[in-house]
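Kindly return the folded structure for what I paste below:
(one chain, ligands or ions: 2)
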Amino acid sequence: MSHQLSPQTIELVKASVPALAAHGSEITKRMYAKLFEDEHIKNLFNHSNQGEGGSQVHALAAAILGYAQNIENLAVLTPVVERIAHKHIGYHILPEHYPYVARALLDAIRDVLGEAATPEILSAWGEAYWFLADILKAREVKLRNSIESQSGGWNGWRTLTIAEKLAESEIVTSFILRPTDGGKVIRHRPGQYLTFKLVVNGNEVKRNYSISCGPNDEYYRISVKREANGDGGSRYLHDEAHVGTILEVTPPAGDFFLPDEPSRPVVLLSGGVGLTPMVSMLEAIAKGYPELRAHFVHGALNSATHAMDRHVRSLATEHGRVAVTTFYSEPSVKDAVGLSHDHDGFITIDWLRNNTQIMASDFYICGPKPFLRSLVNGLLKAGVSSDRIHYEIFGPADELIAA
Ligand SMILES: Cc1cc2nc3c(=O)[nH]c(=O)nc-3n(C[C@H](O)[C@H](O)[C@H](O)COP(=O)(O)OP(=O)(O)OC[C@H]3O[C@@H](n4cnc5c(N)ncnc54)[C@H](O)[C@@H]3O)c2cc1C
Ligand code: HEM
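Ligands and ions are numbered 1, 2, ... in the order given. This is a model prediction of the structure:
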């Protein structure tokens, strides 16, 4: 960081935190309304997250508030900056897009605060916005250059063709994707996601899907749960996309991944379709880390929805130091402990305490929000330090950032 915010700017921004807290969502809503007056900026976004109650509104409001609250200690924002920068890479957000958000933000603050928005406050916010924006832009340029310069690397949207489509359970289907141009792909970091621009009933929707295979330079696999409601990105993939369908995709992104040299045993904890990044990590472990101890712990509803079990167990057997344990919360009449799964019910902290090296391991967690909340909080309460708990959220990180 080449320059610092002045003490006056910091004071003015801090002083406006209570007013912003009172109007946080409103400012963000107005900001989006202004931002989306510009069609090409509007098209950068993922519209199902924007509507009334859409989490993206809260994610940005939370980010702005979190930023203002921590303006004297920006180090606490480092992990958030990293996550946002990766998200922006996925959505192909470029430096030239930043002034649009600056204008929209300041207009919205002016509208909502009315007379309380003095020129000094607005100028302090302008300075503070650009301070954060410069940090993000710098990180994004660096990330983008490093991605593009890798073998198989690319910048922005590239087309991948569906080479195979395989049902993994009643609700999850995998897609093998290969470059339409016949070239290579980047070896992703296990845990990262791809971002797709899908055309659903004539509308463009952007969706993230975690890569569910291990790193390689030929193809990616994603595994998608069919959502009955919503805008239909997942229904498009399940019901309409087929072998040969061409999809637009940005390069692998995301700051949730297995490190190159894991130094401790790992516990991979997943719920439902949250297993996708864990299967990528497990494939990477099976291939590249013969000495690493790992425990793959998965919770599903029952055998009808349980995806990739045979694959996971065969990777574990092949490796020799990987344990697998599965839990069913709603076992069907066909299911039986010891046959289809290992335990009835949910994964609990007590179970983890008794069956994993809880204090010696790194935890990688992905699943529905209640699953994440209970396990992340439970592990923290059990004394696991926060730098050993890594998690991914399949949606905007409103709660993550608010925390
Ligand atoms: C980093 C990341 C990785 C992911 N990886 C995977 C993966 O590996 N596999 C996978 O299957 N999914 C994954 N997802 C989720 C995926 O991106 C989509 O969100 C999912 O497929 C649903 O998309 P959709 O268009 O079908 O439904 P959506 O339109 O997104 O709707 C999904 C659900 O949200 C509800 N909903 C929609 N809009 C609103 C709203 N405004 N307010 C309240 N509720 C609403 C709908 O009723 C529906 O139940 C990932 C997400 C992220 C962020
Ligand atoms: C200082 C400036 C910015 C901040 C603080 C910021 C903050 C955020 C946050 C918190 C998220 C959610 C991340 C997550 O869910 O993990 C996000 C995502 C996103 N941001 Fe930004 N952002 C900034 C600038 C921009 C700009 C300039 C654009 C484009 C005009 C943009 C477009 C997006 C898009 C498209 C997403 C994906 C979210 C979605 O639609 O679901 N952002 N940003």
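
Are whichever strand or helix holds residue 86 and ligand 1 in contact anywhere?
Assigned by DSSP states H and E, residue 86 belongs to helix 78-90. No. Applying Cβ under 6 Å from any ligand atom, one finds helix 78-90 separated from ligand 1 by no less than 8.1 Å. All C-beta spots, glycine's among them, are computed from the backbone N, C-alpha and C.

Identify each buried residue in that helix, please.
Buried residues in helix 78-90, defined by neighbour count with 16 or more other Cβ atoms under 10 Å: 80, 81, 83, 84, 85, 86, 87, 88, 89, 90.

Could you list the alpha-carbon positions for it in PDB?
Output of helix 78-90 as PDB, limited to C-alpha atoms (Å, rounded to 0.1, in the frame of the first residue of the first chain):
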ATOM      1  CA  THR A  78      -7.000  -9.300   4.200                       C
ATOM      2  CA  PRO A  79      -8.900 -12.600   3.900                       C
ATOM      3  CA  VAL A  80     -12.000 -10.800   2.800                       C
ATOM      4  CA  VAL A  81     -10.100  -8.900   0.100                       C
ATOM      5  CA  GLU A  82      -8.700 -12.200  -1.100                       C
ATOM      6  CA  ARG A  83     -12.100 -13.800  -1.400                       C
ATOM      7  CA  ILE A  84     -13.600 -10.800  -3.100                       C
ATOM      8  CA  ALA A  85     -10.700 -10.500  -5.500                       C
ATOM      9  CA  HIS A  86     -11.200 -14.200  -6.500                       C
ATOM     10  CA  LYS A  87     -14.900 -13.600  -7.000                       C
ATOM     11  CA  HIS A  88     -14.200 -10.600  -9.200                       C
ATOM     12  CA  ILE A  89     -11.800 -12.700 -11.300                       C
ATOM     13  CA  GLY A  90     -14.600 -15.200 -11.800                       C
END
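
Closest one to residue 249 out of the buried residues of helix 78-90, please.
Set against residue 249, the nearest of the buried residues of helix 78-90 by Cβ to Cβ is residue 90 (9.6 Å).

domain ranges for the protein?
For the chain, automatic domain parsing gives the domain ranges 7-149, 158-253, 266-402.

give me the low-pLDDT residue ranges for the stretch 301-403 of the chain?
Low-confidence segments of the stretch 301-403 of the chain, defined by pLDDT under 70: 396-403.

my bad, should have said the stretch 1-150 of the chain
Using pLDDT under 70, the stretch 1-150 of the chain drops low at 1-3, 47-62.

near ligand 2, which residues of it?
41, 44-46, 49, 56, 59-60, 63, 83-84, 87-88, 91, 93, 97-98, 100-101, 129, 132-133, 136.
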